[in-house]
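J.: Provided below for reference: sequence and predicted model.
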Amino acid sequence: MSHFRVELRQRAEELVALYPRKRSAMLPLLHLVQEQDGYLSAAGIAEVAELTGTSAADVRGTAAFYDMFHLEPVGKYVVGICTNVACLLAGGQELLEHASETLGCAVGATSDDHLFTLEETECLADCDRAPCVQVNHRYVRTTTAPAFDAMVADLREGRLDADVPAHGTLIRVRRSGGLRVSREELAAERASARAERELREAKG
Amino acid sequence: MTDVVRTVVNITVNGVAVEAKPGELLIEAAERAGNYVPRFCYHPRMEPVGMCRMCLVEVDGPRGATLQPACYLRVNEGMNVTTDSDKVKKAQDGVLEFLLANHPLDCPVCDKGGECPLQDQTLAHGSGETRFIEEKRHFVKPIEIGELVLLDRERCIQCARCTRFSAEVAGDAEIAFSGRGDQIEVAPSPTKPFDSIFSGNTVQICPVGALTAKPYRFTARPWDLEQVESTCTTCAVGCRVAVQSSGNRLTRVLGVDSDPVNHGWLCDKGRFTLDAIDGHEGESDLLSAATRVTQPHIRRDGALVAVSWSEALREAARILSDAAATPNGVGAIGGAALTNEGAFAWERFVRGVLGSDHLDAQYGDGLDGALVQALPGATIDEAASANTIVTLGGDLRQELPVLFLRLRESLVKGTSKLVAIREGENPFAELTSVELNVRPGEVARLASALADEHVALGVDALNSEFELAEARALLGGDGAGVVFVVGRANLAESPAVTERALRILAERFPAARFLVGLRRANVRGALDMGLAPSLRPGRTYLADNGRDALAQLRALREGEQSAVLLLGGCLVGNVLDDQGARDALERANVVVVTGHGGQTLAYADVVLPALVAHERAGTVTNIEGRVTALAPKLAGPGSAWHDVAIAAELAEQCGQSLGLTSVEQTARTIEETTGYPSASVLTAGASDGLLVGGSTDGARRRPLDPMAIPGIRSVAGSGLGEYAGAIRHLDTPRRGSATSATLRDVAAGRELDVPRPNSYAFALVVERRLYDRGIAMQGSPALANLVATPTIAVSAKDLDRLGVREGESVNVVGPRGTMVLTVSAASCARATAHVAFGARTAEGATQSWHALIDPDALVNEVRLETR
Amino acid sequence: MAVLDAPRIVSARTEYEDSHTLARFLATGGNDALRKALTMHPEAVAAEVDAASLLGRGGAGFPAGRKWSMLRRSAISYLVVNGDESEPATFKDHFLVERDPHQLVEGVTIAAYALQVSQVFIFLRGEFALGLERVQQAVNDAYETGALGNKIFGSNFSLDVVVHPGAGAYICGEETSLIEALEGKRGFPRIKPPFFPAVTGLYGEPTVVNNVETMSNLPWIVLHGGAAFAALGQGRSTGTRLFALAGQVNRPGVYEIEMAKNTFRDLIFDPALGGGLAPGRSVKAIIPGGVSAPWFSPDQLDVPLGQDEVAEQGSMLGSGSVVVLDDSSCVVRAAWRITKFFSRESCGQCTPCREGSGWIERAMYRLEHGGGREEDLDLLLDLCDNIAPGLTWPPQQTTICVLGPSIPSSVNSAISMFRDDFLAHVRHGGCPHD
Ligand SMILES: Cc1cc2nc3c(=O)[nH]c(=O)nc-3n(C[C@H](O)[C@H](O)[C@H](O)COP(=O)(O)O)c2cc1C
Ligand code: SF4
Ligand code: FES
């Protein structure tokens, strides 16, 4: 029995098929578990182990290397505020402290209503609009305390739903299209093209 | 320019010219030249990763001398290396200081204290004072990550030895690094404890006290231990071990790095069942396997009572002589747990004194001993370096765990390819090149199809022509470069099926070799000493054969045989038809020679207490014919005797002499009369033993220090003595010869009439598990709980067809009754049903499969009915 | 002042609001270069890139043409695009993937053709949700328009491109760590040897790893020729480059300017670029090339923004990031925060990096927040020396990858440039700026 919903299981299998080795689908599959469960549930981990031909210990250990994967449930909105050097110089630390008050949860914790998890992040590569804030990995560009509070109010009211999906949904654009020949055929095609070119070169 | 194959690579270490081997790691080359480079993550049996950075040395390169990890760099011609410069010293001291920064000050209470390379390095090189004034990193102190292993994350130095072992060597990846940076920790699966059957190895190779073994925790300090090198007799791989004790108490068994055998690894059963040896329940209950038998007993008024040796021997002699007075009236069963010397003595007793050819070291669960000896043998090394390995038999991981590791290594490296012929689980999974499935009874037909492409497998064949063709291609024309690793896949299938398959393969592929995976401890030694109806000591074939174990049980039931000598107390628990065994013993006069109690003793008329593992001197022979020495580390309890002494004294009571006076003299007798190298091994103490018929060059004694990787000499070694010099070459042939059985001798084997699968029936497969209800497991508090409870496993498709789900109960109808069992799903052929031999019932007893089997059938079928 | 008349090579299209759409891409010469490349011999395309002397834009500045020529011949080979951009204060790849994803895909396809690789993976930083969507859309569009897939534009060349999301780990920008992540493993950088992914990379096969910006230059180079590219810039630093300017300047942002023709002063003060500092403020320090690089003092404002020019001054152009600290900022705090970054991002394999980064971070924290001791400065420098012996640049290392020896850059720079600030912290029992 698949832990993934039918549609996600199908996507999972498509992901595995994209790579020459199934283990390569690890990170995309873990993102998919988060898309369904919001975090890496034990059942989701077990299914990724099955899909990638690895063990659950290995999957969990691999996932825990990466900051975006949550081994415990998190809020619907994971708010990340950068305090790295460019943001630090622009008041990132102070904004983080403010956010902690506004959201009612400590840095690294989840609010009682399970709506928000607050994280201190490293540089989010948006330093010209420092301090940088992301919600579920969408840049919200609220660099001041009042703007932050307004943004939180919008989130609570659902006014940002179109831009900020619930935690876990990372890529809303599905892959379409692809190669219709096998990798082996492709390699053979490359080889014959090369041979042809070399022959031509040898001749003239 | 000519391509010269280099045999020597010249490098310079600290200004001194050193000859290294091509491809050798710098750390090894430097050490051989007397420059020890400190290390933590490096382990010679795993791929180097160069992570801990402790082994940095200066190596000249295009950009001047740079710091490089000696454990990772391979030597190059002309390499110039400095291991003792100020720069090297500062870098190494820096790494050590970094490692200690967050390391807790646990040494006084840490199991590893006294044999810890981190502690040693610090004492040798560390500055007395710490510059680290910050708060140390904290984790919850030891957590139980499995039944046997505890993890103290604060002590971990992130060398990845345990996680690499788990992924690389064991292949189960049951533990893995989790997290990043200084938050890295070793972690088991989120859903399942760390219960790999190889878990103890991670404890042994942990360079600090981060992983500790529950059974050993706090039981001893290294400096109180004494150790000897010996051989593990838990199964027939014969791993070399260091047996450690404190006082007269066994405390720990560690794997010794024997190059031809175990590479330092052990399975957990071999490592941790030492707690079964001395028994736990006193002498209160002789029917319990956890009880150590310390005195002779005879049955009086229906009860076993302790008596003197002379009284017990008199009674035993009377029983056996009386029975021997009638032709075919007596026989012996068992002996695979004996030393070669003990087996030799008992063979002399049974054939010479009792005049019986009815003797058998196996319990109907093995293969014809004569066939085993006639097959051209392969060593473990030969199997592991074969171009093609063919496994045919049970789950090697469960049956011969360290052999599994050895073969797995070659498959991972890609130096060998695997054809797996399986009735049950194939533990090599994705490392397999071709997997061929067989249902019970079919393996001989499959062998014919492999041997001859014109043999068709039939419509219901489980394997495609394509797969067969691939397998044939891997076998080549005559089987050169092929090693068959074979055993019994299914105890509910007549051994005749496998035996026929082996004959077909051996004849068709004359250049192939066979590694026969009989699983019991010293079963090969026992066969070599003649404990089989058709064999005599020294691998001599005797065509005129007697009764094997099952035939004897039948004869006992039918009154044709009136008495039996049981060499070992585990008959009832080891015969698939346990009820049949009970019925047989019920009618017979029974003399049992044993170290431990057990159900069998309910039928004993005389019980003679014997010494067991780690108490006895002698030699044993492993699956490949390697004879190694056992070291007596402990004095036996009470008045238990060595088997040689028991056999000799019993012969005296029968009025005859075996001519055997001691273990050493017996070993000499064996060697003199058969050429078998028992005395050489016993006296020379060659660490890796000697192959029967093999060359003795290179027999060598290694310094005994399993903890020495990495670092230090831990426990004082004692025991076997030093290498005594060159040993004469022994020329007992390893392959068939005039005196050995040949393939032709051991009969062509009859054509088998295997019933076609019946669409309602499931062919029964009874498989062996490492953790079973044998004496070792039953007597081991550490492991007894790990024995699985009984289920019946069928394919997922069959589950659907039956309309039951995993975990539900079904009625299983066999030829002699019906059982209620929980079903589980397995990756196995359709219409086969799998159960584990030696499963443990909810009440803690051994599960009997008696109801499901007809012991005379070629294969057994059961029906599954929903409830 | 700054030379701003050079052509805009990678950012031209970003003038438009809808620069990320297929329509805009096609309306502004999109795929012209790819069509042209497909008519050329693959090696001729590579030769143009070699002639352009295009230096890798990911940080190491290795010439792309040289790297390509090292690709071992093999039936299977890969091109992996490094879009993990996580070096603090670097945001130019972010800009490119969100604003001109089609240009990236076109560049990637050209590279794949030149290299004749069998498959491309575009590894994008996981936190770039929008970038991931836009690049995936661009890839989808390319399949749709025949610019990817079977027989591209009717040529004999077929190609598959997979967009692979990262999951939040700075170290995955290091190319071998990125390959490990792409293999579904923990992002542990691989130990050397083997030295080059071009010989042994993804799945052990030859693999070229190139940065997003490096790839984005290719359409222009194919259309205008390598010589035209090489005519821009100076010395080894040819063409233009994106600089991500951040910190205490009036107009932080991504600017494309000709390489080596402009100085740090130009970038920071030109009204069309950084636009100077807040009124009354002066430059206290510059962090060129990302936080892995040693810092510059105001004396070095006139160093040209060229690879060798910056290297000669003991630092690196690195990832194209420039952070300005003005005289109101606390260098101890900045250096502490950078160390905290490394301590969080160390992969944890090497003892000196794993333990050293944490130790240094905690000592720096004490200095900034109270509890600092004067002797801590020497201790810090000695710990740094145990990670990067000699504290030279480019560094020596006791570690597997260069994240380790990047840790000392900030601490060493801050202590040696601003020792008095540290002593003031010690005396004050914390940060005098608070
Ligand atoms: C710690 C570390 C982080 C790196 N991060 C990045 C990065 O985020 N993006 C990038 O393109 N290169 C990064 N690199 C450089 C890459 O290893 C590699 O040199 C580069 O991707 C090659 O592409 P190029 O030749 O086109 O520059 C990093 C290197 C190191 C050591
Ligand atoms: S230097 Fe640091 S980041 Fe690089 S491999 Fe070593 S521990 Fe990992
Ligand atoms: S790095 Fe060589 S022993 Fe660890």
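T.: Yep, it's here. Ligands and ions are numbered 1, 2, ... in the order given.
J.: tell me the domain boundaries of chain A?
T.: Structural domains annotated on chain A: A:6-63, A:77-156, as defined by automatic domain parsing.
J.: which residue does chain A bring closest to chain C?
T.: A:Gly177 (2.7 Å; C-beta to the nearest C-beta). All C-beta atoms are positioned from the backbone trio N, CA, C, and that covers glycine.
J.: from ligand 1, how far off is that residue?
T.: Using C-beta to the nearest ligand atom, to the nearest Å, A:Gly177 is found at 26 Å from ligand 1.
J.: what of A:Leu199?
T.: From A:Leu199 to ligand 1 the distance is 33 Å (C-beta to the nearest ligand atom).
J.: mind checking how far the helix or strand containing A:Ala188 is from the chain centre?
T.: If you go by DSSP states H and E, A:Ala188 is part of helix A:183-203. Distance of helix A:183-203 from the chain centroid (C-alpha atoms, centre = their mean, to the nearest Å) equals 39 Å.
J.: residues in contact with that helix?
T.: For helix A:183-203, contacts defined as C-beta atoms under 8 Å, 6 or more residues apart in numbering or on different chains pick out A:20, A:179, A:181, C:41-42, C:75-76, C:116, C:118-119, C:156-158, C:160.
J.: flag the shaky bits of chain A, pLDDT-wise.
T.: Along chain A, segments meeting pLDDT under 70 span A:204.
J.: and the residue of it closest to ligand 2?
T.: A:Phe65 (11.0 Å; C-beta to the nearest ligand atom).
J.: skipping adjacent residues, who's closest to that residue in space?
T.: C:Arg186 (4.2 Å; C-beta to C-beta, 6 or more residues apart in numbering or on different chains).
J.: from B:Ser178, how far off is the one you found?
T.: Distance of C:Arg186 to B:Ser178, given as C-beta to C-beta, to the nearest Å: 9 Å.
J.: spatially nearest residue to C:Ser19, not counting backbone neighbours?
T.: The shortest distance from C:Ser19 to any non-neighbouring residue, by C-beta to C-beta, 6+ apart, is to C:Arg13 (4.6 Å).
J.: need the residues that contact the helix or strand hosting C:Ala230.
T.: Assigned by DSSP H and E, C:Ala230 belongs to helix C:226-231. With C-beta under 8 Å, 6+ apart as the test, helix C:226-231 has contacts from C:9, C:47-54, C:217, C:220-221, C:238-239.
J.: buried ones in that helix?
T.: C:226, C:228-230 (16 or more other C-beta atoms under 10 Å in any protein chain shown).
J.: burial count for B:Thr818?
T.: Residues within reach of B:Thr818, counting by other C-beta atoms under 10 Å in any protein chain shown, total 14.
J.: and the one helix or strand it maps to, what does it pack onto?
T.: In the assignment (DSSP H and E), B:Thr818 maps to strand B:817-826. Counting contacts by 3 or more C-beta pairs under 8 Å, 6 or more residues apart in numbering or on different chains; DSSP states H and E, strand B:817-826 packs against strand B:791-795, helix B:796-802, strand B:809-814.
J.: excluding its backbone neighbours, what's nearest C:Leu34?
T.: C:Leu34 sits nearest to C:Glu106 (C-beta to C-beta, 6+ apart), 5.1 Å away.
J.: can you pull the contacts of the one you found?
T.: When contacts are counted by C-beta under 8 Å, 6+ apart, C:Glu106 is found next to C:30-31, C:33-34, C:142, C:147, C:218-219.
J.: which parts of the stretch 351-500 of chain B sit against chain A?
T.: Within the stretch 351-500 of chain B, the positions near chain A by C-beta under 8 Å from any C-beta of the partner chain are B:Glu430.
J.: how about the strands in chain C?
T.: In chain C, the strands defined using DSSP state E lie at C:78-83, C:119-124, C:161-165, C:207-211, C:233-234, C:237-238, C:240-247, C:253-258, C:283-288, C:321-326.
J.: would you agree C:Arg241 is in contact with C:Gly320?
T.: Yes - with contact defined as C-beta atoms under 8 Å, C:Arg241 reaches C:Gly320; the gap is 5.9 Å.
J.: distance check, the residue of chain A found nearest ligand 1 against B:Ala17.
T.: Nearest to ligand 1 in chain A, going by C-beta to the nearest ligand atom, is A:Ala125, at a distance of 8.9 Å. Separation of A:Ala125 from B:Ala17 (C-beta to C-beta): 54 Å.
J.: and if you look at C:Gly225?
T.: Separation of C:Gly225 from B:Ala17 (C-beta to C-beta): 56 Å.
J.: for chain B, which residue gets nearest to chain A?
T.: B:Ala176 (3.3 Å).
J.: element containing that residue, please.
T.: Judged by DSSP H and E, B:Ala176 forms part of strand B:175-178.
J.: okay, now the sheet partners of that strand, with direction.
T.: Sheet pairing for strand B:175-178, assigned by DSSP bridges, gives strand B:185-188 (antiparallel).
J.: roughly how far is the partner strand from the heart of the chain?
T.: With C-alpha atoms, centre = their mean as the basis, strand B:185-188 stands 28 Å off its chain's centre.
J.: C-terminal to it, what's the next element?
T.: helix B:199-205.
J.: hmm, that next one in reach of ligand 3?
T.: No - applying C-beta under 6 Å from any ligand atom, one finds helix B:199-205 separated from ligand 3 by no less than 12.8 Å.
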